[in-house]
Structure formats: C-alpha cells, structure tokens
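Visitor: Structure, please.
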Amino acid sequence: MDTPSSSTAPVPPIASRSDFHREIVKAFERAAEQGCREIWLCDVDFADWPLGERAVVEALTRWAYAHRRLTLLACHFDEVPRRHARWVNWRRDWGHVVECLALSEIEPSQMPCFWFAPGLQAVRLVDPLRYRGFIDTTPADLLRVGEQVQELAARGVPAFPVTTLGL
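Guide: Numbering: from 1, shown residues only. The predicted model follows:
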C-alpha cells in the first residue's frame, strides 16, 4: 500500500529554468487569448526572461490595444536591450501601452520575480536562483500579488525610455 509523503509542502510547478520560460510564454499567450487589461512584470533586470522570444512578441502583439497596459518593474533595465532585441523593437511600435519603472532603492536580493495579470494569473519565482516557483490563479493569491504590485509601483520612477534623445 502506498503511504503519503512525509512532506506536506506542495511541489512547485516551476522547478527549472525551462519550466519558468515555458510558463512565462504560456502566460503571455493566455493574456492574449483572454484579453486582460493589464500585465505586470517584475524582476531585478529581466536578464533571464524569454522576452525576446518570437512567441512572446507575437502574443504581445495580439494582446496590445490602446486601452491596455504592460508595466515592467525592475531595479534597472541595463540587460533588456542587450538580451531582448526583438522585444525592444516591438516596444518601439507599442510604447504607448508599455511603462517601465525603476525601483533602484530596493536591494536586488529583495526584488520579487513575477508575471501578473489581475484576475487571470500570476507566475511567481520564490527562489530565482534555483528557478522554483508557482502559478497562482486563486482570487486570494491574486489579491496578494496585486497588493504587492501596487506597493512596488508606488515606489517606482519612470525609466528605460522608448527612444533616447540626444544632441
């Protein structure tokens, strides 16, 4: 007879880098299908996100309308243009729906890592070093992530402009 595991902690559905990338791509595709009004991304620098993947950019193109908002929260955006050229190009056309906020006063070790669409789902890494995380869909979990988003956004300052003006 099988006995229950002695561990009562749930097994995270995200247990590797490839799981994380797959869930982020699926989340963008689901947002495009469902037509959610806003998407929030939060990470130290988005260096290891699949933002530049063709599937992500295609899903964002299907999702983006004038009344929608994609907000990125990061300590800094230095890695985004280096690692996600396709997304940066997409943003040039859709900059009116994208906002980037820097949270430079937050220590990188304290910065949460998540993808969040209110009322739809959250993809959260609770251990970004080992790629351990969860997909939240319950109203209570989404409410908690939404409260965290609002707290972070209130501390953010506009950063990473679509174009750089110069002389």
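
Visitor: ok, the closest residue to residue 42 other than its chain neighbours - contacts?
Guide: Excluding the flanking residues, the one nearest residue 42 by CB to CB, 6 or more residues apart in numbering is residue 73, at 4.3 Å. The C-beta positions use only the backbone N, C-alpha and C, and glycine is treated the same way. Residues in contact with residue 73 (CB atoms under 8 Å, 6 or more residues apart in numbering) are 40, 41, 42, 43, 101, 103, 149, 152, 153, 156.

Visitor: Would you show me how to pick out the buried ones of the residues you listed in PyMOL?
Guide: The PyMOL command for the buried members of the contacts of residue 73 (criterion: 16 or more other CB atoms under 10 Å) is given here:
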select buried, resi 40+41+42+43+101+103+149+152+156
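
Visitor: Which of the contacts of residue 73 fall in helices?
Guide: Using DSSP state H, the subset of the contacts of residue 73 located in helices is 149, 152, 153.

Visitor: Export the contacts of residue 73 as CSV, with columns for pLDDT and distance to residue 110.
Guide: Formatted as CSV, those follow (pLDDT from 0 to 100; distance: CB to CB, whole Å):
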residue, pLDDT, distance to residue 110
40, 98, 17
41, 98, 17
42, 98, 12
43, 98, 12
101, 98, 16
103, 97, 10
149, 98, 15
152, 98, 11
153, 98, 16
156, 97, 14
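
Visitor: What segments of the chain are helices?
Guide: Using DSSP H, helices in the chain cover 17-34, 54-63, 79-83, 85-94, 139-155.

Visitor: Compute the inter-axis angle for the second one and helix 85-94.
Guide: Angular relation of helix 54-63 and helix 85-94 on a 0 to 180 degree scale: 10 degrees, by axes from the mean of the first three to the mean of the last three CA atoms, to 10 degrees.
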